[in-house]
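>>> need coordinates for the following:
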Amino acid sequence: MSATGGILQPPNARRCRPNMPSYGVLPAETAGMLSWDWVETRMKAARNYWVCTVKADGSPHTVPVWGVWLAGEFSFGSGPKSTKTLNIARDARVSIHLESGDDVVIFEGELRQTAPGPERTRQLTAEYRRKYQLDPQLADTDSVFFRLLPRKVMAWRESDFPATATYWLFDERALN
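So this is what the prediction gives:
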């Protein structure tokens, strides 16, 4: 799949080039920008995702989580009394990124607690089984489930940076 082919952006976002002149990235130079398909492929394939939340004292808290990319959304579960869950309840702003520094995908946005209905629970369970070879028993857990509402996504391939440096800026109304 071409990095520049396929779906260029989700319907509620605008694809653009970051303004990073010291790295040779200029907003007007659009050749080589990545497609949204490239981001989705990596989000779906990733095993671990790093979630950075904000503690009450303003310091960062970063942990890896298992999660799934399903129907264009990133979701994961957490214990109701975990540090990240308590942080999110107080301040939903987060940064979530993949492990790779070579194929980079970084989301900035907010996490919203969600109570998946029966169909969504079935879909999430099937995806967790496929991806992690385990039965998460989502219907019988006290876990809190979150879905990510992005504000900005940053992505690039290290092998041809800065040509692939791409941002997606999401419509603020998507967070409501």
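
>>> CA atoms of the helix or strand Cys52 falls within as PDB?
According to DSSP states H and E, Cys52 maps onto strand 49-54. The C-alpha coordinates for strand 49-54 follow below in PDB (Å, rounded to 0.1, in the frame of the first residue of the first chain):
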ATOM      1  CA  TYR A  49       0.300   1.300  23.100                       C
ATOM      2  CA  TRP A  50       1.800   3.900  25.400                       C
ATOM      3  CA  VAL A  51      -0.700   6.000  27.300                       C
ATOM      4  CA  CYS A  52       0.500   9.200  28.900                       C
ATOM      5  CA  THR A  53      -2.000  10.800  31.400                       C
ATOM      6  CA  VAL A  54      -1.600  13.700  33.900                       C
END
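
>>> report the distance from it to the chain centre.
10 Å (CA atoms, centre = their mean, to the nearest Å).

>>> which SSE is immediately downstream of it?
Note on strand 49-54: by DSSP H and E, the next helix or strand toward the C-terminus is strand 60-65.

>>> show me what the helix or strand just after that following strand pairs with in its sheet, parallel or antiparallel.
Note on strand 60-65: by DSSP H and E, the next helix or strand toward the C-terminus is strand 68-70. According to DSSP bridges, strand 68-70 forms sheet pairs with strand 73-78 (antiparallel).

>>> go through the lengthiest helix in the chain and flag the buried ones.
Ordering each helix of the chain by length in residues (DSSP state H) puts helix 118-132 first. Buried residues in helix 118-132, counting neighbours by 16 or more other CB atoms under 10 Å, are found at 120, 123-125, 127-128, 131. Backbone N, C-alpha and C define where each C-beta goes, glycine included.

>>> is it true that Glu127 touches Leu70?
Yes. At 5.3 Å, Glu127 and Leu70 qualify as touching, with contact defined as CB atoms under 8 Å.

>>> tell me the centre residue of the protein?
Closest residue to the average C-alpha location of the chain: Phe107 at 4.7 Å, with CA atoms, centre = their mean.

>>> now for it: which residues touch it?
By CB atoms under 8 Å, 6 or more residues apart in numbering, the residues touching Phe107 are 74, 94-97, 148, 150, 152-153.

>>> other SSEs contacting the next helix or strand after the longest helix of the chain?
The helix or strand immediately downstream of helix 118-132 is strand 144-157, counting by DSSP H and E. Secondary-structure packing of strand 144-157 (3 or more CB pairs under 8 Å, 6 or more residues apart in numbering; DSSP states H and E): helix 36-45, strand 73-78, strand 103-114, strand 166-170.

>>> chain neighbours aside, what residue packs nearest to Val104?
Once flanking residues are discounted, Val104 sits nearest to Trp156: 5.2 Å by CB to CB, 6 or more residues apart in numbering.
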